[in-house]
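S.K.: sequence first, predicted model second:
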Amino acid sequence: MNIKPVMRIRNLLPRLRLVPRPANRDRSGSEFPFVSFGAKQYRYARPIAGLIPAIAVMLGLATAGARAEQLPLWEAGAGAAALSFPAYRGSNERQFWLLPFPYIIYRGEILQADERRMRGLFYETDRLEVDVSINGSVPVDSGKNDARRGMPNLDATLEIGPGLNLKLMETGDRRMRTELRLPVRGVFASDFSYVRHVGWVFQPQVNIDMRDPLGNAGWKLGLLAGPVYSDQRYNRHFYAVEPAFATAARPAYSAGGGYGGVQAIAALSKRYREFWVGGFVKWDSLHGAAFANSPLVKDKQGVAAGFSIAWIFGESKTRVEVAR
C-alpha cells in the first residue's frame, strides 16, 4: 500500500519552461503545446491536478438553504484530504492519497465557488441554469499497475464543458431540492509538457440536495447518480490494447464508444464557525459498458471514498445576499 505524503506548499510552486513535444508521444488525439514545471515540482504537479475533481466531490454536493442571508463575498482557508480510489475505472488496484487543498468560497454573480463546486454560472432562472461542468482523472504509472505493465502511462485528464441543470422539485422550506444535470465535457490529457484532446463524455445525472437531513441541524447531504456515455476516442485512451503491447494474458483490444456504466455518489458535510468537515462515498459499475470486455478491466465494480477537514482563516468585509 503506497500512501503519498503531504508535500510542502513551496515545493509545488512552478518554475515554468518551454518543453518540446516528445518524439514518441501518442498522437492519436489533438495536441497543443504546453509548458512544464521544473523537475522537482513536475513530479507532484500531474497527480495533484488529476485529484482536483476528487477534492471537489469531497467538498460536498449539498446546496444552499431556505432564506436570504447577508454573507461574505469570499471566505478562505486550508485543509487536508485523505482519498482512496481505483487507479482507473475498472482497475482492481488502488491509489491512496494524503494531501493539502485550499478552501475557497466565492459568491460572485457569475463565478461561484462553495462547498458544493466551483462553476461559472452563465444563465439562470428559477428552474434552469447553465454552468461549467468539470471532472477528471489522476495519472497512472503503468510500471506499477499489473494490468497495464509494459504499456504507456496514463496521463491525468481534465474534463470540462457546459452543463444544463433543470430543477425537478423543491420543498416549500427549500430543505430538499432535486435537479436533472446534463453535462457534456471535452476530455484533455496532459503530463504538463503537452495537452491532447482524447474524447467526449456525456453524463446525465439526478442530483438530490438535502439540508438538515433527518433533523441533524447544520449538516448537508448530497446524493447523485446517473449513467456515463463516452465516445470511441475516450474509451480507446483508457481501455484499448494496441497489438504492440498485447501479451498472452492481455490480448489486443479496440474499444468502441457508447454506454460507459453508471455511477452514484453520497456526500455529507457540515460547516462550523471556524472549520468545515466532509466526506463522500462513490460507487461505480461497468456492467454492460461498451469497453467492459477490455483486458484492462479487472473489476466491473469499484468504490472510492474520502474525508477532509478545512480551517477558515479569513473572510471578506463585503456582504452579498445569498438564498439559504
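M.R.: That came in fine, so what should we check first?
S.K.: please count neighbours and contacts with C-alpha atoms only from this point.
M.R.: OK.
S.K.: quickly find the element holding Val206.
M.R.: Take DSSP states H and E as the rule and Val206 turns out to sit in strand 205-211.
S.K.: who does whichever helix or strand comes after that strand pair up with?
M.R.: Next along the chain after strand 205-211, taking DSSP H and E as the criterion, comes strand 219-230. Sheet pairing of strand 219-230 (DSSP bridges) gives strand 194-202 (antiparallel), strand 205-211 (antiparallel), strand 258-271 (antiparallel).
S.K.: now Asp234: which helix or strand?
M.R.: One thing to correct before we go on: residue 234 is Tyr, not Asp. helix 232-239.
S.K.: which strands or helices does that helix pack on?
M.R.: Contact partners of helix 232-239 among helices and strands, from 3 or more CA pairs under 8 Å, 6 or more residues apart in numbering; DSSP states H and E: strand 194-202.
S.K.: output the below-cut-off pLDDT ranges for the stretch 51-200 of the chain.
M.R.: Applying pLDDT under 70 to the stretch 51-200 of the chain flags the ranges 51-68, 108-124.
S.K.: would you map the strands across it?
M.R.: For the stretch 51-200 of the chain, strands defined by DSSP state E, counting those that start in this stretch occupy the ranges 68-72, 74-86, 94-107, 111-113, 118-120, 123-124, 128-137, 156-170, 176-190, 194-202.
S.K.: any chance of those strands in TSV, plus distance to Arg211 and mean neighbour count?
M.R.: Below are the strands of the stretch 51-200 of the chain laid out as TSV (distance: least, CA to CA, whole Å; neighbours: other CA atoms under 10 Å):
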stretch	distance to Arg211	mean neighbour count
strand 68-72	15	15
strand 74-86	21	19
strand 94-107	18	18
strand 111-113	18	17
strand 118-120	19	17
strand 123-124	22	12
strand 128-137	21	19
strand 156-170	12	19
strand 176-190	6	21
strand 194-202	28	21
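S.K.: these: which one's closest to Gly306?
M.R.: Minimum separation from Gly306 across the strands of the stretch 51-200 of the chain (CA to CA) falls at strand 74-86, 4.3 Å.
S.K.: tell me the angle the closest one makes with strand 94-107.
M.R.: Angular relation of strand 74-86 and strand 94-107 on a 0 to 180 degree scale: 160 degrees, by axes from the mean of the first three to the mean of the last three CA atoms, to 10 degrees.
S.K.: now for strand 74-86, which elements pack on it?
M.R.: strand 94-107, strand 301-315.
S.K.: Asn153 is in contact with Asn145, isn't it?
M.R.: No: Asn153 lies out of contact with Asn145 (CA atoms under 8 Å); the separation is 9.6 Å.
S.K.: avg pLDDT for the strand holding Val206?
M.R.: Average pLDDT, strand 205-211: 96.
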